[in-house]
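1. Please work out how this folds:
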Amino acid sequence: MRLGINIDHIATLRQARLGIEPEPIYAALIAQEALADNITMHLREDRRHIQENDCILVKNTIKIPLNLEMSIEEKIVNFALNLVPYQSTLVPEKRKELTTEGGLDVISNFEKLKEVIDKLHSKNILVSLFIDPDKKQIEAAKKLNADSIEIHTGEYANAPLSQKLQFANTIKDAAIFAKSLGLCVHAGHGLNYQNVSLIAKIKEIEELNIGHSIISRAVFCGLKEAIIQMKQIIEKARWLA
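-> You can find the predicted model right below:
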């Protein structure tokens, strides 16, 4: 199972004072050294953390893939077409939200998403859609010729312990269904050192993208060690599955 490291909150710390440190590029290089499989960055419309120059510097420096999380707003799409990341993950975005609150409504935004996906594919950029574990949304993603989906694990992460298995099984069913349609399956949002194991055991999921919990632990033990610890938990869960 691949592990993508989201480094947005390195930039959040920098932007708290609008200064020059800490620089996300250093986090990307440390993650690469810790054998992360990709770097994820979300260029938000309000530029609250990651900035365009961060994306350019990381893209031109790292040797592992860059996954650009993005809305379908025109200026963001045009930036992605010029940057040409390995993958773009299309996500819903609300200006006032603290973090992404749910999956894309692929069905309601089908035509606009088709236009954006076609443009990204014209540049040989892989496209993933961040969606809830809903079969109708997954079917729509397949019709749009998305390369993969990223299942939103937020409800699972926020559920009480007594309901964790129920939500994990919903995610598993969605992953099995998506895989049967020929989609690659990723997952992420709210995953941490305590709850990642149940999701990591789902063999149909090929990749997890995790940010906040790893950056939070890195404050106390360093980023490289925080990534290594997460990888060890995921590998153990995978082995026990």
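
2. CA only for contacts and neighbour counts going forward, please
-> Fine.

3. how close does the residue nearest in space to the middle of the chain sit to Val116?
-> In the chain, the centroid-proximal residue (C-alpha atoms, centre = their mean) is Asn209; its distance is 4.4 Å. The spacing between Asn209 and Val116, counted by C-alpha to C-alpha, to the nearest Å, is 22 Å.

4. Output the below-cut-off pLDDT ranges for the protein.
-> Applying pLDDT under 70 to the chain flags residues 94-101.

5. in it, which spans are helices?
-> In the chain, the helices defined using DSSP state H lie at 8-15, 24-33, 52-61, 74-83, 110-122, 135-143, 154-158, 164-180, 196-200, 212-221, 223-240.

6. Can you name the residues in contact with the last one?
-> Put plainly, it is helix 223-240. Residues from elsewhere that reach helix 223-240, judged by C-alpha atoms under 8 Å, 6 or more residues apart in numbering: 1, 3, 27, 30-31, 33-34, 36, 193, 196-198, 200-203, 214-215, 217-218.

7. one more time with 6 Å
-> Residues outside helix 223-240 that contact it (C-alpha atoms under 6 Å, 6 or more residues apart in numbering): Ala34, Ser197, Ala200, Lys201, Ile214, Arg217, Ala218.

8. Was I right to think Ile50 contacts Arg44?
-> No - applying C-alpha atoms under 6 Å, one finds Ile50 not in contact with Arg44, separated by 7.2 Å.

9. Name the nearest residue to Gly211, sequence neighbours excluded.
-> With C-alpha to C-alpha, 6 or more residues apart in numbering as the criterion, Gly211 has its nearest non-adjacent residue at 4.2 Å, and that residue is Asn6.

10. Kindly provide the distance from the one you found to Arg48.
-> 15 Å.

11. Then Leu129?
-> In terms of C-alpha to C-alpha, Leu129 sits 22 Å off from Arg48.

12. who has more neighbours, those two?
-> Set Leu129 next to Arg48 and count neighbours by other C-alpha atoms under 10 Å: Leu129 wins out with 31 against 16.

13. ok, that one - contacts?
-> Contacts of Leu129 (C-alpha under 6 Å, 6+ apart): Thr89, Leu90, Ile149, Glu150.

14. Which ones among those residues map onto strands?
-> Among the contacts of Leu129, DSSP state E puts Thr89, Leu90, Ile149, Glu150 in strands.
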